[in-house]
Every structure is written in structure tokens, then in C-alpha cells.
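> Generate coordinates for the sequence data below:
(one chain, ligands or ions: 2)
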Amino acid sequence: MQASEAEKPRIVILISGTGSNMVAIAEAVKKEEIDADIVGIISNRPNAAGLEKAQAMDLHTDLIDHTLYASRDEFDHALIRMIEDLKPDLVVLAGFMRILTADFTRYYEGRLLNIHPSLLPKYQGLNTHQRALDAGDDIHGVTVHFVTEELDGGPNAIQAIVPILDVDNAKLLQQRVHEQEHIIYPIAVKWFCEGRLNMKGNEALLDGKALPLRGVQLDSRN
Ligand code: NHR
Ligand code: GAR
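Numbers count the residues shown, from 1 in each chain. Ligands and ions are numbered 1, 2, ... in the order given. The predicted structure is shown next:
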């Protein structure tokens, strides 16, 4: 391997399901829009559809079944060991559905990103699309944020706003949010790999400047 290749940022992506965000990031790397190496895709679910998609893209995959561990602590420590074998510079949660312990989030602090389907700090946790509809909101969206111990509480890097339509339901809304996810997650990963995006204290910085609470905001209505 050439020295220049060896120096590329190393990305590990954690998934639990479909893996469409993983694919969006992998395609951006393949197209050289992101200058990085994806060194592994790790799933906690044996039947995650994303595993086959990763293999079809010739990416290294690993499986760590959380049901085989007695506690969250034991699972997270085994997960850290599996990730460390891959020596990542960045760990990306892409539809990874296990809450992580403080030991894990502290270990990867500042190099751990997640995508969450709401305009954080609104609607942390699960079932976000239905909750936005039930609240009568006229906008919804998706956020990429640095992961800290506080669930969906770490500093935001980038968001996309998605309009809520009169005819909407959770499924339709989720589909439109998903399209935006595939745009903003590769952007955030690219910024990180270029050294432009980082976390300091409890703030996300872009080009050395603290980002506002919501992060950089894209508006899909424009
Ligand atoms: N861990 C920490 N500490 N902080 C975050 O911000 C995290 C995290 C782990 C995952 C992704 C997340 C989201 O974007 C994420 C962010 C799963 C759950 C959950 O309740 C909540 C949030 C997120 C992912 N999981 C259940 C659990 O018991 C299991 C649900 C299932 O398997 O379907 O872990 O929203
Ligand atoms: C995405 O919509 C992501 O925002 C969401 O899961 C989906 C995964 O899709 N994440 C969460 O809900 C985290 N709690 P994907 O597997 O196709 O990338």
C-alpha cells in the first residue's frame, strides 16, 4: 500500500438494519467525494440487510450479536475490542439501534457520529415521525450529531428540514426524511475526514467556529 493511501482517515460504520445510510457513505467514498477508507461495517443483528449490501460493495463486515452478552457493559466492551481491531479514526452510527454505555461514548468522544430522524433537540428517542405528526408540527427533519453519553444529546453538526404535508403519514414522512439523510450524512463525514468538523467541550466546530445549536441547516423546501 502506498503511504498516501495509508494516511487516509479510517471509518468504521455500525448498523442494525437496512444500511441505506451506510451505502450512501460508502458510495461517496467510492466516488472519491470523501477521501477516506471504510475499514469495516459492524452489525449487532445477524439478519441486518445492510450486511449483504456491504459485502456486495466488497467491504469488510463483522457481526456482534448483542443477545449473546449478559449485560450492556459486556457487549459494549466486546464491541470496543472489535472496533479497535480496525483502528478507526471515525466511528459512524448508521441506524445502529443499541443504546451505548458511557464507557463506550467516552472512549470514542469526538470521533463518534450518529444520524437521528428529527430536528434535535426535538424528539429524542424512538418513533420520531409519528410524534412530529401527532404534535401538529409543520416541519420535521433529520440531524447528524456527535454522540455523547446523553442519548441524542450531543452537539449537532448538520440538519435537513423536511416539510410536513397535509396528506402525510409516518411512512411517507419517513421516506422523505430518508432521502435527506442520504444527502447530509456523507457531507458530515466528508467534513470530519477533511479535519473541518470536530467537537470541543460540548460544541461542534466547523472550520474552527462553533456551530449554532441546530448545526448547519439545509432546507429541502428551498
Ligand atoms: N448511545 C448514546 N449513549 N448516546 C446516543 O446519542 C446514542 C446511543 C446509541 C444509539 C442512535 C439512536 C438514535 O439516533 C444512538 C444514539 C436506539 C435507541 C433505543 O432505544 C435509542 C436511540 C438510538 C438508537 N434502543 C433500544 C435499546 O434498548 C433497542 C431498540 C431496538 O433494538 O429496536 O438499546 O435515536
Ligand atoms: C434512519 O432513518 C436513521 O435516521 C434511523 O434509522 C434509520 C436507519 O436506516 N435511526 C434511528 O432511528 C436511531 N434511533 P438505514 O439502516 O437504512 O440507514
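
> Compute the number of surrounding residues for the residue of the chain found nearest ligand 2.
Taking CB to the nearest ligand atom, ligand 2 has its nearest neighbour within the chain at G95, 2.6 Å off. From N, CA and C alone the C-beta is placed, and that goes for glycine too. Using other CB atoms under 10 Å, G95 has 21 neighbouring residues.

> same thing with the one 10 residues further on?
Here the neighbour count serves as a burial measure; for T105 (other CB under 10 Å) it reads 19.

> tell me the contacts of it?
Applying CB atoms under 8 Å, 6 or more residues apart in numbering to T105 gives the contacts 112, 147-149.

> From these, pick the one nearest N127.
For the contacts of T105, the closest approach to N127 (CB to CB) belongs to V147, at 19.7 Å.

> for that closest one, phi and psi?
phi -90, psi 130 (degrees, to the nearest 10).

> Please tell me the pLDDT value assigned to the closest residue to I187 other than its chain neighbours.
The spatially closest residue to I187, leaving aside those adjacent along the chain, is I158, at 6.1 Å (CB to CB, 6 or more residues apart in numbering). With respect to pLDDT, I158 has a value of 98.

> thinking again about what came up before, list buried residues within the contacts of T105.
With neighbours counted by 16 or more other CB atoms under 10 Å, the contacts of T105 contain buried members at 112, 147-148.

> Please identify which of those residues is nearest to ligand 1.
V147 (4.5 Å).

> Output the contacting helices and strands for the longest helix seen in the chain.
For the chain, the helix with the greatest residue count under DSSP state H is helix 170-193. The contact analysis (3 or more CB pairs under 8 Å, 6 or more residues apart in numbering; DSSP states H and E) places helix 170-193 against helix 20-30, strand 90-93, strand 112-116, helix 128-134, strand 139-146, strand 156-163, strand 197-200, strand 216-219.

> Could you dump those into CSV and include distance to H60?
Formatted as CSV, the helices and strands packed on helix 170-193 follow (distance: least, CB to CB, whole Å):
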stretch, distance to H60
helix 20-30, 12
strand 90-93, 15
strand 112-116, 19
helix 128-134, 31
strand 139-146, 24
strand 156-163, 26
strand 197-200, 25
strand 216-219, 31
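
> Burial-wise, tell me which of those comes out on top.
When you average the neighbours per residue for each of these (mean count of other CB atoms under 10 Å), strand 139-146 leads with a mean of 26.

> From the chain's centroid, how far away is it?
11 Å (CA atoms, centre = their mean, to the nearest Å).
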